[in-house]
Every structure is written in C-alpha cells, then in structure tokens.
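**Student:** please work out how this folds:
(chains A and B)
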There are 2 protein chains.
Amino acid sequence: MTAYDDLTAHIAEYHDLLCVLNTLKWDMRTMMPAGGAGERGKQLATLSKLAKSIFVSDETARLLDAAEAEIAGADADSYHVRALRQTRDAYEIQRRIPADLVGRIAALGAQSEAVWAKAKDENDFASFKPYLKQMLALNIELAEAIGYADHPFDALIRQFEPGMTAARLGQIFAELKAGILPLVERIVAVDAPLPLNLWEAEYDLAAQKRLCQEMATLIGFDFERGRLDTAPHPFEISFTRDDVRITTRYDANYLPMSLFATLHEAGHGLYEQNIAPELTRTALTADFLGQYAVGGASFGAHEFSSRLWENQIGRSREFWRLHFSRLRDYFSEQMAAADAELFYRAVNRVRPSLIRVEADEVTYNLHIMLRTEIEMGLLEGAIAVDDLPEIWNAKMQEYLGLTPPDDRRGVLQDVHWSFGGFGSFPTYTIGNIIAAQALAAAHAQMPDLAAKLAEGDYQTLLTWLRENIYRHGRAYSTDELLTRVTSEGLNTAPLLDYLERKYSDLYGLN
Amino acid sequence: MTAYDDLTAHIAEYHDLLCVLNTLKWDMRTMMPAGGAGERGKQLATLSKLAKSIFVSDETARLLDAAEAEIAGADADSYHVRALRQTRDAYEIQRRIPADLVGRIAALGAQSEAVWAKAKDENDFASFKPYLKQMLALNIELAEAIGYADHPFDALIRQFEPGMTAARLGQIFAELKAGILPLVERIVAVDAPLPLNLWEAEYDLAAQKRLCQEMATLIGFDFERGRLDTAPHPFEISFTRDDVRITTRYDANYLPMSLFATLHEAGHGLYEQNIAPELTRTALTADFLGQYAVGGASFGAHEFSSRLWENQIGRSREFWRLHFSRLRDYFSEQMAAADAELFYRAVNRVRPSLIRVEADEVTYNLHIMLRTEIEMGLLEGAIAVDDLPEIWNAKMQEYLGLTPPDDRRGVLQDVHWSFGGFGSFPTYTIGNIIAAQALAAAHAQMPDLAAKLAEGDYQTLLTWLRENIYRHGRAYSTDELLTRVTSEGLNTAPLLDYLERKYSDLYGLN
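**Tutor:** Predicted structure coming up:
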C-alpha cells in the first residue's frame, strides 16, 4: 500500500497543522492576555495559509491520484476508502474556491464583527446593514464556487452538514413546526412560575467549578485526555482524541449556566475522546473543507452528542433524582428549600422568549428555523437586507408569539452573520433530531438502559455510543450513521415523541 | 526598499511559526493533560520541520541576495542591516547542518532523557553512559557542521552566546575563581544558622500565587501582555512582546521557591515586553539558528535580565526593607517572629552545596564552571564519559569542598546533557556578569538610582534598561550592547565587586 501510505503521511502533517490551529484558537479564547490579540491574528493567518497551501497542492493531487489507483476495488465501507473519498471531495471543492475569497471573507468578517458588536450595543441595525450586504454577496460568491444544483444554501450548508439541502430542510422544518407549535401553545396555556426562585441566591464560583468538573467526570469525560477551562462563549475543541479541551462560563447567581454548558461541551468532548485511535491524524478526524480538526460525521452529528448529554441525560428527571444531593452538598443553603423535582422543573421551564441562546428545549428549534428561513431568502434574493428587521419581527410573532422591542433583542442578537457563518444554524436542530433518534435506538437495543441510567450508570450508554457512532469519526455521513443504527436516515419523529412525552408529563398536559 | 520588504514579509511568516512553536511548548508545560504528550510531539515535529524548510530554502537565499544587494552601503548599525546580517549568519550555518542531524539529536534526546531520569532515580550512571556517549558523538558532529577555529565548544556555544569561545571562557573563569573561591572560604568560616527557620511553617498556595502576581507587577511586568502560570520547571516564553508567559512553582513550606522563580522569570519577561515594537516578527526577536522566537542579544544577555531582577533587586536588603510588610500581610503567623533583616539573610545564606539549582548567588558560578570545563574536556576528548563520576567528584571537592555521596547528587543531577544541550551552561554565569555590569552602569549614569530603588521606584531602572538594552532585541551582540552602555565589553570585575560588597557586609567580613 505504498501510494496510500504516502498520502496518509502527507495528510497526517496537514492534520497536525489543523490541530495546532485549534491550540492557538483555544489559547486565544481561554488564556491569552488582551494585548496578544493583534499578533495572534497574524500567526493564525500565516498558519491557515500555509496549511491550505499544503492541502491544495500539486503534491496532494499527485498522491491522491496514486492512492486512488492503488485502492480501486477495495471495500467501499472501509476507513481507507472513506478517508480517501473525504480527502478527494474536500480537495475538489477547495480547488474551486478562489484563493483570495476566503481571505476576503475573513478580512470583512473581522471588520464586520466589530461593527455588529457596536450596532447591537447601540441598537442600530442601519450601521450594520452595509457590512451584512457585503458579507451576503461574498457568501453568494462562495456558494457559486462550491457549486449546487438547486439552491445556493445547499452549497453553504455542505460545509457543515454534507448531504443536507434547502429542500430537505423545508420538509424537516414543516414536520417540526407541526409538532412543536401546538405543543408550545398547550404548555403556555398552563405554565406558571415555580413556587421558589432558585436563582436569586449566590453560588460560589470555586464550588461551581468543582461541581462542573465532577459532572463532566460523571458522564465519562476523561480528564487524563482533556481539560475544563473558562471562556466567555463556551466551546469544545480538540487537538486529537488524546487532548480535548472543554470550556464553560460561570454566573454567580445562575447556576445552570455553568452546569449545562459543561454537560453540553463535555458531550462534544465525549465524541472526540471516543473516536477510534487509528483515525487520529487522518481525514476521518478533520473537516478538510472547513480546514478544522474535528471528528464526527458533520457539525450536526457533533451537536447530537452535546445535546444528548446536556438535555436528554442532563435535564432528565432521573438524572436529578440521583444527583440533586450532590448539588446540595455544594450549595446546602441555596438548595435548602428545594428538592430534586423542583430543580428538574426549574431547569426545564418552557417559555417563548426573544433570545435564542436562552431558549428552552422546546422553543429552541423555532429560533433556528426562523434564522434558516431568513438565510435562504437572503441567498435566493427573496429577502432584502433592508427589510430584515421587519421580517425577523414578523416571524418571531408567527413562531413565538412575541415581537422584539428592539433590534438588539431581535435581528441583531447573533454574531453568526457578521463573520459569514451562513448555513450553520440548522446544525443545532439537526443535532437535536439525531440525539432523539440515537437515544431511542439505544433504548430499543438495550431494554435495561433506562434502569441503568436511573442508577447513574452512564458507561453503558457511552459504550453503545462509542461502538455505534463515536468511533467512526467522519467515516460515515449523518444518514449513513443513523441508518446503521436505526435502519433509517434523519427522522424528526423521535424528537417530537421525546418532547411530547417529556413535556406533557412535566406540564400535566392531555 | 522592495527586495528588503519582500524578505521581511517572508521572514515575518517564519517568525510567526516560531511563535506558534512557543505556544505549543508553553501549553505542553503548563496546561496539557498527560494523555496529549504523544500527539503533541508529532505536531511539534511537523511544525519544526516545516519552519525549517521555509527558512532553509531557495526562496530565502534569493530574497537574502536581493535584499543584501539593495541595502549595500546602509548604516551598519541600523536595525535593517543588523536583521539582514543575523538572517544571513543563521542561514549559512543552518545550511551546513545536515538535514537529519537535528532530527537524530532530537530522537536520541527523547530516549536519552527518559533513560537519564530513571538513571538519576536509581543512582545508576552506568545505564546512562551509552546514551551520553552517543549524544556526545552527535554533538561533536554538530560542532563540525557549524564549524569553529579552535575548539569544538566554540561551535556549540555559538548557538547560545555568539562571540564567546572556550579560550575566552577560560580567562573569565580564572578571574571569577580568583575572586569567588577566597570569598566562599571567608564566608564559610563565619557562617552560622539563623536564629529562626522560616521554612518550617506552611504557606498557603493561593496566597503565594497572589503574592507572586503582586511582585511581578511591582517590578513592572505587564499583565495586559502576559500571564503567570504554574510549571514544574519554571520558564519564560514569548509569542511576541505582546504576549509573554511566565511560570513559577510552589512549595507549601519553602516560600522562596515561588517568589524568586517569579522574579526571575518576570525578569526574562521584562526583556521581551520592552523590545521595540518595530522589531516584532523580524530576525531581531528570534534566534533563527536555534529556531526559537526569543529577543535579547544571546541567552546570556537574556539571563542578565532575570538575574538582575531576581538577585540584584529581589534579594537586596533595600527591597525587603520596603516590601517585607507585604509578606507579613499575606503570612502574618508565619512571619510573626521575623523581620526584614532576618528575611533578607534567610534568602541570601551562602553555603557550598551539591545541587546547582539550590545554590546561592556566590557559589552558583562554581557549579557552572565545573560543568563547562567538563563539557570542554568531553568535546576535545580529554575526558572520557566512563570517567565522568570521578572527575565530577574531584572538581566538586576542588571548587566547593564537598564530595557527592552518590551520582544522583553528582554527575546525574542535571537534565541538559541527556537532550544534548552542550554549550548552554555558561550562559547562566555570563548573565550574572552582565547583570552586575549593567546595574553598575545604571548607577553610574543615574546617581539618584539607589535612592529611587530604596523608595520602591523600579520604573526608573526599567526605563533605563529599556532604552539602553531591552529595546534593541537581538540587534547587537553582548559585547556591543555592553560597550554602548559601559564603554567596555564583558568584564568580570563588577560581578566580583558586587559579591564582595554584598556578602562582606552581610557576613561582617574584613
């Protein structure tokens, strides 16, 4: 297998550079002193350019050709063939993207993000408009370079969720809306404040840190191959499966902030830590199109793991029945008048709200649909940037029954469009869908799983996830992965079932 | 200046990669979970190889030639000309070093360091011998590749202290021995234990951390452009002047450990933070021969700054007269029976000892001379590896009047030879010499400096050091720098004066 080995060695070094880029980004967001930002930006730019020049090179083309010739006829399901195909796909797309376009998007993004931040602070959409128009134009240019059959959105989402299209999302969203909108209505009709507000007390930050560390350990995050730090916007990032960094943020009053961000990022981390070791430094643990070292079939598939551990496990009644006493060990005064059931209800209250990142499990997907539909409209020219605030507010009224009092709490709330992340929002909802499918499949295959989870045995689920999903890294697409596990591709029914079951019980509906 | 600008842009990207390597090394020693070591090693190797291939390239040669032609006749003292010369020198030497030699040294070093660690633990020099023999042979090969006129040591020390030679060190050591050996004898004759042992109490680690942060700030370390973290072997490393990381280590009983390591590393950090901004990303803030982003004329010149702030300032009576109350604020119980004078004496006690890293200011240089003389002997073949323990012990007896009870506390104590750092030991002593010269010059030029330091004004000294030394980065050699400031090159007299003055006062000699 000489030609394949040569390609593998070349790709391994490219992969190393992507891991190094991740290290720089992690440091930038957790450790770097403020003064370091300017030069760090240059270091990132140099290394990104260099990494790209190594990947999009005559050498890669030559090695790819030779390896493909050598491996022709091999098992199409083998990691070897899969790695080769991923590399070829990314190479062909990267080649089509003009060398300067990514740089122009990055340069505009840096400017535009600063303008957005100011515009949000000052509730001044007009000042952000010209930048958003330029960013939209560049993203349309990017979509044309990547190529698509039906809709420019298809090209952009391919960067995050290969196989997904605008048309298919339309179908998925229709199914979700049909299930979620009536559910929200039924909940709103009966929702009432809890008898006790837990978030007026103060929760010592050092104790929160210890608790978060303990919770991440509890669900199986391996601190021999990972760390938990603090970041203003929590994230997970890995430098191979052997070094996975997760972050959280702390609010002295609002304990769920650190707790659920930790479970969420630890969920991402579990994916990375449980990828098969032999995939390290290969195309199956990096997104060569996005030039980002990450395992998992797609961004949606990665999000499945974070949402499964955060929501389906971490916000379950069983979880808090078992672990509420830990909370009380750390915060005996603050939790004196609470019990497991109250805490469970406090972290699962459903209320239509203006801000996506504060939304509950049920309404969250509505925020995503709203954004995605607007992105599609912008890209196809059906929506003008000038009309965005109006359209945003109309959709908020339609989906959530609320009208933002200002653009700051409306169209200006998310950073994504300022740096050009078009096409990424749906991955959050896709993650929710996969999480429900995967957990349903696990329960179906292991009838005693519910009992084990209720006893605090998370290793059984983790092992199942590792064997069925995690270990494959990016070898299979989301649909392939799901089909291997559930004998069907992406399907909204289990998510709708899960929400219906959990919340009709919690709110005593029916 | 087109050609020069082209070279500068090329070099800036190479410099970026060296800063990235530093980031990886910092993370490895402060943050990385244990499991990350294996893959991090590969990432470092890939990036080092890539950086070297960018520097030792036809492109560098072409750009260098063009820039030299363009700049011919420019002021030989200008930063431009200096940067060009540094780049040319490093390029010519790097070209002469066989591509695989550095890799062979690194590979053997990784193995050999592990063997050394075990040999030290088990007091078993015999098991380390074959590795040391191989490492010596590779270093002789390296010396031949670099080239030298008189002594192979001259080639190796050129990596750390350009301009220094074995012959010149022989002269320097003779002068130092003539001053230090009798001083040690006089001190030993009158030394007695202090009336109070401060290092039996326990010093809270969190309080130590706050104190260290405060002390680094006190002498001018800028935390907007730097951090202080924990590392088992404290070090300073920078990713440009705008992001300088220092580290220390903590011993619950032995407060001076964290305190003086912090002042030492902050002293290194002050050098980096005060280099002229226009030298960022140029040959004047990196050692292109060692492929290491570091400012300062040489390793010795860098060590001058750490030793000046740690010893000449941080271990002075004036310093503790002023700041002992801070210590007592943090550790009122532990310091209840102490006063500034006792503390001053406790951190300046002179006693011949077996271990270099525990040695005081006076005997420290003897440990360096011993090692350097042995290295020279090994390289010229006058000393055989087999005879090392005997020779080590004989020299210990000669210089310090002690015989190590075992090799662990003798020839096996330092890691340096295991990874091949031949030629680096003398930079510690050169740093001590420069520190004394520089501070003497500052006092001579600013008659009120002593009064300012006694009042706790460190900014005056810092400004003088910035204007006269720090800001130039690597533009001048150690001798040139000193000549600009004191009208003579390296000179041992001020160090001997300083030691004589401080310790004859402290011990009531004469």
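**Student:** got the contact list for the closest residue to chain B within the stretch 301-450 of chain A?
**Tutor:** Residue nearest to chain B within the stretch 301-450 of chain A (C-beta to the nearest C-beta): A:Y330, separated by 18.9 Å. In this view, the C-beta of every residue, glycine as well, is placed from N, C-alpha and C. Counting by C-beta atoms under 8 Å, 6 or more residues apart in numbering or on different chains, A:Y330 touches A:207-208, A:210-211.
**Student:** farthest-separated two in the residues you listed?
**Tutor:** The largest distance within the contacts of A:Y330, taken as C-beta to C-beta, falls between A:Q208 and A:R210 and amounts to 7.4 Å.
**Student:** state the helix or strand in which A:V362 lies.
**Tutor:** Take DSSP states H and E as the rule and A:V362 turns out to sit in neither a helix nor a strand.
**Student:** for it, give me phi and psi.
**Tutor:** Note on A:V362: its backbone torsions stand at phi -80, psi -50 [degrees, to the nearest 10].
**Student:** next: A:G226.
**Tutor:** Per-residue torsions, A:G226: phi -170, psi 170 (degrees, to the nearest 10).
**Student:** quick check: closest non-adjacent residue to it.
**Tutor:** Setting aside the residues directly before and after it, A:G226 is nearest to A:V244 in space (C-beta to C-beta, 6 or more residues apart in numbering or on different chains), at 4.1 Å.
**Student:** name the nearest residue to A:A440, ignoring sequence neighbours.
**Tutor:** Ranked by C-beta to C-beta, 6+ apart and with sequence neighbours excluded, the top spatial neighbour of A:A440 is A:P494, at 4.3 Å.
**Student:** what sits against the spatially most central residue of chain A?
**Tutor:** Taking C-alpha atoms, centre = their mean as the criterion, A:E303 is the residue nearest the geometric centre of chain A, at 4.0 Å. Under the criterion of C-beta under 8 Å, 6+ apart, the contact partners of A:E303 comprise A:268, A:427-428, A:430-432, A:434.
**Student:** name the helix or strand for it, please.
**Tutor:** For A:E303, the enclosing helix or strand under DSSP H and E is helix A:299-307.
**Student:** tell me which parts of chain A are close to chain B?
**Tutor:** By the criterion of C-beta under 8 Å from any C-beta of the partner chain, the positions of chain A lying close to chain B are A:12-13, A:16-17, A:19-20, A:23-24, A:27, A:31-36, A:38-40, A:42-43, A:46-47, A:50, A:222-227, A:239-240, A:242-243, A:280-281.
**Student:** all helices for the stretch 301-450 of chain A, in order.
**Tutor:** Across the stretch 301-450 of chain A, reading from the start of the chain, the helices by DSSP state H, counting those that start in this stretch fall at A:317-330, A:340-346, A:364-380, A:388-400, A:416-419, A:426-445, A:449-454.
**Student:** by mean pLDDT, show me the worst of these.
**Tutor:** The minimum mean pLDDT among the helices of the stretch 301-450 of chain A belongs to helix A:416-419 (a mean of 92).
**Student:** and the contacts of it?
**Tutor:** Contacts of helix A:416-419 from elsewhere in the structure, counted by C-beta under 8 Å, 6+ apart, are A:109-110, A:112-113, A:115-117, A:128, A:131-132, A:135, A:371, A:422, A:424-425.
**Student:** looking at these, which is nearest chain B?
**Tutor:** Proximity of the contacts of helix A:416-419 to chain B (C-beta to the nearest C-beta) peaks at A:A110, which lies at 17.0 Å.
**Student:** enumerate every residue touching the closest one.
**Tutor:** By C-beta under 8 Å, 6+ apart, A:A110 lies in contact with A:41, A:419.
**Student:** continuing past the one helix or strand it maps to, what's the next helix or strand?
**Tutor:** With elements delineated by DSSP H and E, A:A110 resides in helix A:99-121, which encompasses its position. Under the assignment DSSP H and E, the closest C-terminal helix or strand after helix A:99-121 is helix A:125-146.
**Student:** next, the angle helix A:99-121 makes with that next one.
**Tutor:** Helix A:125-146 and helix A:99-121 meet at an angle of 160 degrees, taking axes from the mean of the first three to the mean of the last three C-alpha atoms, to 10 degrees as the criterion.
**Student:** got a list of what A:P494 touches?
**Tutor:** Listed by C-beta under 8 Å, 6+ apart, the contact partners of A:P494 are A:433, A:436-437, A:439-440.
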